[in-house]
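J.: Any chance you can model this:
(one chain, ligands or ions: 1)
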Amino acid sequence: MGKRTRVEHVYVHVPFCHRICPYCGFYKHQPGKTSYGDFANALLGELRFAHGDCEVVPRTLYFGGGTPSLLPGAVWRDLVTGMGREVDLSGLEEWNLEANPRTFDEARAAIWAESGVTRVSLGVQAFDEGSLGVLGRDHGPADVAEAVRALRGGGIPQVNIDLMFSVPGQRLEDWDLSLRAAMELEPDHISTYNLTYEEDTEFLQRFESGEWTADSDRDAEFFLLADRLLGESGWMHYEVSNFARPGRESLHNRAYWAGADYLGLGPSAVSTVGGDRWRNLPDTARWVQQIQGLGHARLDAERLTDLQLGMERFALLLRTSEGVPMDWVEEDLAENLRSEGLAAVRDGRFVLTIGGMMVADEIAAYLC
Ligand code: SF4
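T.: Residues are numbered from 1 along each chain as shown. Take a look at the predicted model:
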């Protein structure tokens, strides 16, 4: 038998949400027929199967969703204990959990911290009432402040705040307010996402009906404002959508951008291991059933070529402030981008300027 591929980065998809946001394209649903306990047991079964297949030795764990903070404390404890039985968690360097501001208190945050969670990522999106209303969020600025206080009080070492720009009706001054309000709470990390209109969402319908329009100039203004305001306060813009205090970058995301293998657990989660990629069934009840029967619920398995993997890695690294080695880029194309002010050479690497970051995906396509 050949040597098993070692996987050090694990993503766990928790699909439950109390309310469904009208812009959200992730696989999620309200808690319903599947109990949290059955869900957690299926996750353990899936991890067991995967660990038989490859060697799972997590350095980073990322619980995303959905809303992982909805998992009840007792279910959470059993899940964490079970995971520790299946795989060796002693080498974990980062354990991230996504949370919604109104779904937990300090006691719950303390349970997470005791389990080993090092980083909680709060889905905030905005601090102005107008944007929060359009996005269908059920929290306000006071809830976010209380959530950050509870996380700090419960002993969570690092806090991230997710924000969103180019929300329909959002003005530059609203975005300015959100950025300043986020910084005032002194998180370790701030992510700023440009709204995209995702398949099967109410937002896409409203966009396609012509009610809302895209505007790349407006996107650029929002993007540049975030870069300027956070930059002035010492935040490192280390990836197109991510800012960190020095030393507080997300290890999990960095590994993903650098092309590391990752295992995805939970309905709809994607894995890339040893050149194979698959997606899990995006249906919680059927995912549970299939794991009970087969041990896994994998779909759409494909073998990726080295060229495909290399191109993905190139496009992801290009979005980071680290950039790519010079010899990955054709000289004349690199020179064209540099002469247009879209790229530069820093410490012997090819990096995008702030202007280039705004069109990073187009530049990756141009260079590939
Ligand atoms: S944005 Fe977050 S909270 Fe809202 S539906 Fe999507 S996963 Fe759930």
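J.: can you list the residues of the chain near the ligand?
T.: Residues of the chain found near the ligand (CB under 6 Å from any ligand atom) are 17, 20-21, 24, 26, 28, 65-67, 100, 123. For the C-beta atoms, the positions are set from N, CA and C on the backbone; glycine is no exception.
J.: same thing but 5 Å
T.: 17, 20-21, 24, 26, 28 (CB under 5 Å from any ligand atom).
J.: Show me the beta-bridge partners of the residue nearest to G64 when sequence neighbours are not counted.
T.: Distance criterion CB to CB, 6 or more residues apart in numbering; nearest residue to G64, sequence neighbours excluded, is E98 at 5.0 Å. Going by DSSP bridges, E98 is paired in beta bridges with S121.
J.: what number of residues lie near E98?
T.: Summarising burial for E98: neighbours were counted as other CB atoms under 10 Å, giving 20.
J.: residue contacts, L225?
T.: If a contact means CB atoms under 8 Å, 6 or more residues apart in numbering, then L225 has 172, 175-176, 179 as its contacts.
J.: repeat for E98
T.: Contacts of E98 were listed using CB under 8 Å, 6+ apart, and they are 63-69, 120-121, 123.
J.: Redo these as JSON lines? Include neighbour count.
T.: Rendered in JSON lines, the data for the contacts of E98 read as follows (neighbours: other CB atoms under 10 Å):
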{"residue": "F63", "neighbour count": "27"}
{"residue": "G64", "neighbour count": "20"}
{"residue": "G65", "neighbour count": "24"}
{"residue": "G66", "neighbour count": "25"}
{"residue": "T67", "neighbour count": "22"}
{"residue": "P68", "neighbour count": "26"}
{"residue": "S69", "neighbour count": "26"}
{"residue": "V120", "neighbour count": "29"}
{"residue": "S121", "neighbour count": "23"}
{"residue": "G123", "neighbour count": "24"}
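J.: P141: which of those residues is nearest?
T.: G123 (14.3 Å; CB to CB).
J.: The closest one sits in which helix or strand?
T.: When elements are defined using DSSP states H and E, G123 is found to belong to strand 119-125.
J.: Which other helices and strands does that strand contact?
T.: For strand 119-125, the contact count by 3 or more CB pairs under 8 Å, 6 or more residues apart in numbering; DSSP states H and E identifies strand 94-99, helix 129-135, helix 141-154, strand 158-165, strand 189-194 as packing neighbours.
J.: Show residues contacting it.
T.: Outside strand 119-125, the residues that touch it by CB under 8 Å, 6+ apart are 67, 69, 94-101, 109, 112, 131-132, 135, 137, 139, 144, 147-148, 151, 156-164, 167, 182, 187-189, 191, 250.
J.: Just the buried residues out of those, in PyMOL syntax.
T.: Here is the PyMOL selection string for the buried members of the contacts of strand 119-125, based on 16 or more other CB atoms under 10 Å:
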select buried, resi 67+69+94+95+96+97+98+99+100+101+109+112+131+132+135+137+139+144+147+148+151+156+158+159+160+161+162+163+164+167+182+187+188+189+191+250
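J.: can I assume D105 is in contact with A150?
T.: Yes: with contact defined as CB atoms under 8 Å, D105 and A150 form a contacting pair (5.5 Å).
J.: mind listing the helices for the chain?
T.: In the chain, the helices defined using DSSP state H lie at 36-53, 73-86, 106-115, 129-135, 141-154, 172-184, 202-208, 216-232, 251-257, 284-294, 306-318, 331-339, 354-357, 360-367.
J.: contacting residues for the nearest residue to G130 once chain neighbours are set aside?
T.: With sequence-adjacent residues excluded and distances taken as CB to CB, 6+ apart, G130 is closest to G169, at 5.8 Å. With CB under 8 Å, 6+ apart as the criterion, the residues that contact G169 are 130-131, 134.
J.: likewise G275?
T.: For G275, the contacting residues are 303-306, 309, taking CB under 8 Å, 6+ apart as the criterion.
J.: For the stretch 151-300 of the chain, which residue gets nearest to the ligand?
T.: D162 (9.0 Å; CB to the nearest ligand atom).
J.: May I ask you to confirm that that residue is in contact with A182?
T.: No: under the criterion of CB under 8 Å, D162 lies out of contact with A182, with a separation of 9.3 Å.
J.: so what pLDDT did G2 get?
T.: Taken from the predicted model, the pLDDT recorded for G2 is 54.
J.: In JSON lines: the contacts of L225, plus neighbour count, distance to W287 and pLDDT.
T.: What follows is the contacts of L225, written out as JSON lines (neighbours: other CB atoms under 10 Å; distance: CB to CB, whole Å; pLDDT from 0 to 100):
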{"residue": "L172", "neighbour count": "12", "distance to W287": "43", "pLDDT": "98"}
{"residue": "W175", "neighbour count": "26", "distance to W287": "38", "pLDDT": "98"}
{"residue": "D176", "neighbour count": "15", "distance to W287": "42", "pLDDT": "98"}
{"residue": "L179", "neighbour count": "25", "distance to W287": "38", "pLDDT": "98"}
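J.: coming back round to it: kindly reformat the helices and strands packed on strand 119-125 as TSV and extend each row with mean pLDDT and distance to F350.
T.: Putting the helices and strands packed on strand 119-125 into TSV (pLDDT from 0 to 100; distance: least, CB to CB, whole Å) gives the following:
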stretch	mean pLDDT	distance to F350
strand 94-99	98	28
helix 129-135	97	36
helix 141-154	98	37
strand 158-165	98	27
strand 189-194	98	24
